[in-house]
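> Quick one: sequence and predicted model below, then my questions.
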Amino acid sequence: MITLGIETSCDETAVAVVEDTFVVRANLIASQVHLHERFGGVVPEVAARAHVEALNPLLEETLGNAEIGFGEIDAVAVTTGPGLAGALLVGMAAAKALSLATGADLVGVNHLEGHYWANFLEHGPPEPPYVALIVSGGHTMLVHVPEMFRHVVLGQTLDDAAGEAFDKVARLIGLGFPGGPALDAMARQGDPHAIRFPRAMEDSGDFDFSMSGLKTAVLRHVKASRAAGQDLHLPDLAASFQEAIVDVQVTKTIAAAKDMGSPTILLGGGVVANTRLRERLAAAAEREGLRVLFPSMPLCTDNAAMIACLGSARWTRGERTSLDIAADPQLRLSV
Ligand code: KG4
Ligand code: ZN
């Protein structure tokens, strides 16, 4: 069974083909990062226009790489939300047109669910229940998955998403956009215990997060050091900031898995590419006798293989999406 996946929720145009849900035949991404760099963030109108330009050639290239003809596609899986409205619309219009023209079934999927499904492409789905930590440029949440396709949101960020905090602090110290990967690389040269930044809500007893206090603390530290004429040691600053974020995420994720009685933790989203988060969560899970799965690096950030995989699994259980479905920028996980 062949599934084509289309993902255009933010600033990556992505198309993939999977066979029998878990075998990736092709997985291509046309990144727009260079277009948004000079604005220091994703500009929605620029993103939507760039998707329009990139999508058709990328579709042809992906099908060519997979050696699949349009007539062989059984299902077209597409991200319907959450994400930028104009960006989502481009992928959905293409998916609907393909479905109409080829007779393949349309399956709309949730981007955040796709992020943790990326794990299953490489490891196959273990038995639920799971606790999933989803950390990306737009979201930070802990989700309990008592059974496949059912979600209970345990907590989420009250302000900035983790990726957003990485990007903002990276920008503050001149690392460009998106700053997460550059900050991660710089932090590897620094001492994570050099500066004690606040661990917001670490002991709040719930599963919510807050990043804005940490961001302000970093800004205050930078200003105070400059005012005092002290040289900033950027690797120490990066490592200390990163450690504060990672500490809270590790504590809360392990607590959530234990509270829910979930032996398995799934990580998903761009911030899961963070080497310190991977290292610390793996060590903490091992200490607690929990299993933790991470997607490989290219499958952490936005891609269409995860969308095709999830869409294919939903198709297999009989789900079909009507052609009149609208994009939903605030789409919630299925309950
Ligand atoms: O999942 P994703 O590709 O897009 C969204 O759905 O938002 O996540 C992108 C986010 C960006 O904020 C980026 O800076 C962050 O993931 N990111 C990282 C790393 N790689 C990507 N953050 C920290 N460390 C990294 N290595
Ligand atoms: Zn994403």
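Nice, thanks for sending it over. Ligands and ions are numbered 1, 2, ... in the order given.

> so who does the residue of the stretch 101-250 of the chain found nearest ligand 2 touch?
Sorted by distance to ligand 2 under Cβ to the ion, the residues of the stretch 101-250 of the chain start with residue 136, at 4.2 Å. For the C-beta atoms, the positions are set from N, CA and C on the backbone; glycine is no exception. Shown in contact with residue 136 (Cβ atoms under 8 Å, 6 or more residues apart in numbering): 112, 115, 161-163, 268-271.

> Which of those residues fall within helices?
Those of these mapping onto helices are 112, 115, 162-163, per DSSP state H.

> ok, which residues in the stretch 201-335 of the chain are in contact with ligand 2?
Residues of the stretch 201-335 of the chain lying close to ligand 2 by Cβ under 5 Å from the ion are residue 302.

> Mind jotting down where the helices sit in the stretch 201-335 of the chain?
Here the stretch 201-335 of the chain has its helices, by DSSP state H, counting those that start in this stretch, at 212-227, 234-260, 275-288, 297-300, 305-316.

> which of those is buried the deepest?
Of all the helices of the stretch 201-335 of the chain, helix 305-316 has the most neighbours on average by mean count of other Cβ atoms under 10 Å, namely a mean of 28.

> can I see the domain layout of this structure?
What automatic domain parsing lists as the domains of the chain is 2-116+299-316, 128-297.

> if you compare the ones you listed, which one is most tucked away?
By mean count of other Cβ under 10 Å, the domains of the chain have domain 2-116+299-316 as the most buried, with a mean of 21.

> what about that one, how long is it end to end?
Domain 2-116+299-316 has an end-to-end distance of 11 Å (Cα to Cα, to the nearest Å).

> From the chain's centroid, how far away is it?
14 Å (Cα atoms, centre = their mean, to the nearest Å).

> wait, does it make contact with ligand 1?
Yes. Residues of domain 2-116+299-316 are located near ligand 1 by Cβ under 6 Å from any ligand atom, namely 10, 301-302.

> separation between residue 192 and residue 244?
Relative to residue 244, residue 192 is positioned 9 Å away (Cβ to Cβ, to the nearest Å).

> same check, this time on residue 219
14 Å.

> And for residue 151?
For residue 151 relative to residue 244 (Cβ to Cβ), the value is 28 Å.

> For the closest residue to ligand 1 within the stretch 201-335 of the chain, give me its contacts.
As assessed by Cβ to the nearest ligand atom, ligand 1 sits closest to residue 270 within the stretch 201-335 of the chain, at 2.1 Å. Residues in contact with residue 270, defined by Cβ under 8 Å, 6+ apart, are 135-137, 163, 180, 300-302.

> need those in TSV with distance to residue 239, can you?
TSV is the format used below for the contacts of residue 270 (distance: Cβ to Cβ, whole Å):
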residue	distance to residue 239
135	18
136	22
137	21
163	18
180	14
300	20
301	22
302	26
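
> now, among those, which is nearest to residue 289?
When the contacts of residue 270 are ranked by distance to residue 289 (Cβ to Cβ), residue 135 comes first, at 23.2 Å.
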